[in-house]
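> got a predicted structure here, sequence first:
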Amino acid sequence: MSKRPGAPISYAASLMVEPPQLAPASPAASLPTGTRSPVVEAEVIQGRGRRPLEDAADPSVLYLHPTGKKALRLYAVERGVKVHDLLLEAVETWAAEKGLAGPWRVPSAGPPRRRRG
């Protein structure tokens, strides 16, 4: 049996950062007219395509232990904020300590939603 090569000491040389590519304005805009589905056409007509924030942001998945997530949700509810904002604040603080440049938040396209109740 041959021995597997060891892991590199640093992955820095293998990391490539590419500038973000702008997505088309709507999913239907990239399709030729004859190939559009009725659902996509209905979304375009009604203006119910993807939200601008989803087009501008790069989604990331974070797996949390259920107990920790529950504690985070309770903390957010007590303070009247969103868990998403707490997590972004934590990432911003961590990145500042490590000297990583942002921005980390994608500004929303419209005014904030009003709370019901």
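That came through, no problem.
> only C-alpha atoms for contact and neighbour calcs from this point on.
OK.
> count of neighbours near residue 90?
Under the neighbour criterion other Cα atoms under 10 Å, residue 90 is assigned a count of 12.
> ok, the one 4 residues further on next?
Here the count is done by other Cα under 10 Å, and residue 94 has 12 residues near it.
> with residue 62 instead?
6.
> quick check: pLDDT value at it.
pLDDT recorded at residue 62 is 88.
> which SSE is it in?
Under the criterion DSSP states H and E, no helix or strand holds residue 62.
> now do the helices in the protein.
Taking DSSP state H to define them, one finds helices in the chain at 38-46, 52-56, 66-79, 83-98.
> and of those, who's closest to residue 5?
When those are compared by Cα to Cα, helix 83-98 sits nearest residue 5, at 30.5 Å.
> residues of the closest one that come out buried?
With burial defined by 16 or more other Cα atoms under 10 Å, the residues of helix 83-98 counted as buried are 83, 92.
> and that helix, what does it pack against?
Contact here means 3 or more Cα pairs under 8 Å, 6 or more residues apart in numbering; DSSP states H and E; on that basis helix 83-98 packs against helix 66-79.
> which parts of the helix it packs on are buried?
72, 73, 76.
> of the residues you listed, which is the nearest to residue 90?
So of the buried residues of helix 66-79, ranked by how close each gets to residue 90 (Cα to Cα), first place is residue 72, at 11.8 Å.
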